[in-house]
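>>> The sequence and its predicted three-dimensional model are supplied below.
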Amino acid sequence: MTKTFPNFIHMLASIAFITIIGAAIYEHAAVVPVWSAAPPRSLSMFQGEYGLQAVNFWKPVHPVAVLLLVITLIINWRRPNRKPLLIVVGGYLLILAITAVYFVPELISITTSAYSPAVNDDLASRAQVWERLSLFRLGVLLVLALVLLDGLSAKQSENR
């Protein structure tokens, strides 16, 4: 196996991982402020025949990123950058597990609430908690991306 193949796979994994971060930043900047503004009145963007279906992006992108990260880890198993890759893969899998257990069910519970013109204080409070925790999750993903990219730069200097 040439030295460029592991770098190429690592780059693809980095692109996939950072794409997820970009999408999360977009959602926090453009989508979350709208739906969390005055629930359940502000939740109409998710409801009806033309409601937003973010799952169409999130569901396929995570398996692709996990697969590329795992392949990167396998290819680099005997290299010094194995430990940072283990941290990234382990951290990402932990985040995905927490997302499956808390973030997705809570988001579905909030966003499928029946429409009402009056703001529900309980829903608004839950939306604020969800948003804060999701921003923390995003921060952890950003740190993991730095670790992932640092491993790539370490490989580049190793190949010179």
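Received it, and whenever you're ready, just let me know what you need.
>>> how close does the residue positioned nearest the centre of the chain get to residue 39?
What sits nearest the mean C-alpha location of the chain, by CA atoms, centre = their mean, is residue 20, with 4.9 Å. As judged by CB to CB, to the nearest Å, residue 20 and residue 39 stand 25 Å apart. Backbone N, C-alpha and C define where each C-beta goes, glycine included.
>>> quick one, what contacts the closest residue to residue 68 other than its chain neighbours?
Of all residues not flanking residue 68 in the chain, residue 13 sits nearest, at 3.8 Å (CB to CB, 6 or more residues apart in numbering). Residues in contact with residue 13 (CB atoms under 8 Å, 6 or more residues apart in numbering) are 65, 68, 69, 71, 72, 148.
>>> if I pick the third one, what's in contact with it?
For residue 69, the contacting residues are 13, 16, 17, 85, 88, 89, 92, 148, by CB under 8 Å, 6+ apart.
>>> May I ask which two of these are separated the most?
16 and 85 (13.9 Å; CB to CB).
>>> And these two? Which one has more around it.
residue 85 (23 against 18; other CB atoms under 10 Å).
>>> I'd assumed residue 73 was in contact with that one.
Yes - using CB atoms under 8 Å, residue 85 is in contact with residue 73, at 4.6 Å.
>>> which residue packs closest to residue 58, ignoring adjacent ones?
Nearest to residue 58 is residue 23, by CB to CB, 6+ apart, at 7.7 Å.
>>> Give me the three-state assignment for that neighbour.
Here residue 23 is helix, with the state taken from DSSP: H, G, I helix; E, B strand; the rest coil.
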